[in-house]
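In: the amino acid sequence is not available; the structure is as follows:
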């Protein structure tokens with residue numbers, strides 16, 4: 001079992017930055033591929049980014065490439081999402097998720113993630 005707790009959300013102006021954190025419980029954090037997803041009001045949940053168990057491989061949605069960076073610190077059982085050049089369309093609840101599948105297998109498919117955090121709100125004002 002893995003418990004995930006996100007933090008770092010908030011209100012920011014367009015063009016600003018935020019860093020989200022996701023702290024995981026348990027001693028096997030490094031065994032999981034970690035992902036970030038988001039869901040805006042009235043929209044379906046969408047993939048944002050994922051990182052492999054070691055952090056050496058990452059995957060991004062086209063909408064955030066070049067602006068967002070996912071990273072992890074296995075010693076701290078934490079995954080991060082650095083968000084730069086934020087846009088109003090980035091407004092959403094952001095969730096971190098964990099799965100046992102490697103990053104090679106459809107990292108953007110939310111149904112393959114076994115564990116989810118409660119989410120943190122990110123609001124970008126124009």
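Out: Everything's here; your move. Quantities reported herein were computed from a predicted structural model and do not represent experimental measurements.
In: residue 84 and residue 14 touch, don't they?
Out: No. Counting by Cβ atoms under 8 Å, residue 84 stays clear of residue 14, with 11.7 Å between them. Placement of C-beta: from N, CA and C, glycine included.
In: what residue ranges in the chain score low on pLDDT?
Out: The chain contains no residues with pLDDT under 70.
In: residue nearest the middle of it, spatially speaking?
Out: Centroid-nearest residue in the chain: residue 36, 2.1 Å away (criterion: Cα atoms, centre = their mean).
In: and that one, helix, strand or coil?
Out: At residue 36 the chain is in strand, as set by DSSP: H, G, I helix; E, B strand; the rest coil.
In: residue contacts, the residue of the chain most remote from its centre?
Out: For the chain, the residue at maximal distance from the C-alpha centroid (Cα atoms, centre = their mean) is residue 126, at 22.7 Å. Counting by Cβ atoms under 8 Å, 6 or more residues apart in numbering, residue 126 makes contact with 14, 88.
In: how close does it get to residue 49?
Out: 23 Å (Cβ to Cβ, to the nearest Å).
In: neighbouring contacts of stretch 16-32?
Out: Defining contact as Cβ under 8 Å, 6+ apart, one finds that stretch 16-32 is touched by 1-10, 12, 34, 36, 53-54, 74, 76-86, 94, 96, 98-100, 115, 117, 120, 122, 124.
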